[in-house]
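Trainee: The sequence isn't on hand, but the structure is:
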């Protein structure tokens, strides 16, 4: 299998996307121990949440376990999407390979976005496996309309990709912010839990509307076309809005790093 464009023809975005996806596939299969460790870690934390919580809260946790499973599924997707961009860009800064991406004909932002999208595809697959294992361990049955789940979850994590873009841009400018990048991941728990508080204004925050609709889809079996048009409009608006905002922050930060002459410094 080759990811090279035809001889004599300039590479296009299709070639770039194919190359990035193939690279992600190679990294996944050539380092299986690391991939397996990520899945086991996700299951370990869920085991602590479920079995430890059941010892403390008893029936109260059992009655809400379906919502916890859906929320945990969305959280693993969100962390994967966020870290795909922010940590990857931070690593490029440390490795000294950032300028090579900036000098590509495509520009750094499209390359970073497609690398993030490739990691999201991988995260979807691993999170789906974790979801199946969680359902087996708990004996819970969920309504899983595949099309609705994939569309709603994808739109939900697009807003997180925007946050990853912004965080990656700040990493280009200020270099060592790894602790802040990891800290922000736990804020996703509050965003995913926000629909439970029924505060209307929170729906415009990242993940909140996606979490609310995903709960309705996976718990009640609501199909995509059965959601109110306003709810879908808010979901799409937050996805596109935060992705665009994160992209603009990324562009501003990389341009400032160039002006300050610190783009390739570490």
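Mentor: It's in. Because the structure is a prediction, the values reported are computed rather than measured. Numbers count the residues shown, from 1 in each chain.

Trainee: Which positions within stretch 186-202 qualify as buried?
Mentor: 188, 191-195, 202 (16 or more other CB atoms under 10 Å). For glycine as for every other residue, the C-beta is placed from the backbone atoms N, C-alpha and C.

Trainee: do the same with stretch 221-238
Mentor: Neighbour-count burial for stretch 221-238 flags 222, 227, 232, 234-235, 238 (criterion: 16+ other CB under 10 Å).

Trainee: Could you do stretch 138-155 as well?
Mentor: The neighbour-count check on stretch 138-155 (16+ other CB under 10 Å) flags 138, 142, 145, 148-149, 151-155 as buried.

Trainee: Out of those, which two sit at the greatest distance?
Mentor: 138 and 155 (26.7 Å; CB to CB).

Trainee: low-confidence ranges in this protein?
Mentor: 1-11, 50-64, 91-104, 175-179, 261-266 (pLDDT under 70).

Trainee: which residues does the spatially most central residue of the chain contact?
Mentor: Nearest to the geometric centre of the chain sits residue 81, at 1.8 Å (CA atoms, centre = their mean). If a contact means CB atoms under 8 Å, 6 or more residues apart in numbering, then residue 81 has 116, 119-120, 123, 157, 160-161, 164 as its contacts.

Trainee: Residue 165 now?
Mentor: Neighbours of residue 165 in contact, by CB under 8 Å, 6+ apart: 85, 109, 112-113, 116, 243, 246-247, 249-250.

Trainee: Then residue 206?
Mentor: Counting by CB under 8 Å, 6+ apart, residue 206 has contacts 159-160, 162-163, 191, 238, 242.

Trainee: hmm, 10 Å instead?
Mentor: Neighbouring residues of residue 206 by CB atoms under 10 Å, 6 or more residues apart in numbering: 78, 82, 156-163, 187-188, 191-192, 238-239, 241-243, 245-246.

Trainee: before we move on, what about residue 227?
Mentor: 148, 152, 212-213, 216-217, 233, 235.

Trainee: what do you get if the cut-off is 7 Å, keeping everything else the same?
Mentor: residue 213 (CB atoms under 7 Å, 6 or more residues apart in numbering).

Trainee: same deal with residue 17?
Mentor: Applying CB under 7 Å, 6+ apart, we find residue 17 in contact with residue 114.

Trainee: so how far is residue 82 from it?
Mentor: Residue 17 sits 21 Å away from residue 82 when distances are taken as CB to CB, to the nearest Å.

Trainee: One more: residue 239?
Mentor: Residue 239 is 14 Å from residue 82, by CB to CB.

Trainee: Please say which of these two ends up with more neighbours.
Mentor: Set residue 239 next to residue 82 and count neighbours by other CB atoms under 10 Å: residue 82 wins out with 27 against 22.

Trainee: circling back to that earlier point, save the contacts of residue 81 as CSV, and put in secondary structure and distance to residue 134 too.
Mentor: What follows is those, written out as CSV (DSSP: H, G, I helix; E, B strand; the rest coil; distance: CB to CB, whole Å):
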residue, secondary structure, distance to residue 134
116, helix, 25
119, helix, 21
120, helix, 20
123, helix, 15
157, helix, 19
160, helix, 21
161, helix, 24
164, helix, 25
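
Trainee: Closest one of those residues to residue 49?
Mentor: Distance to residue 49, by CB to CB, is smallest for residue 123 among the contacts of residue 81, at 19.1 Å.
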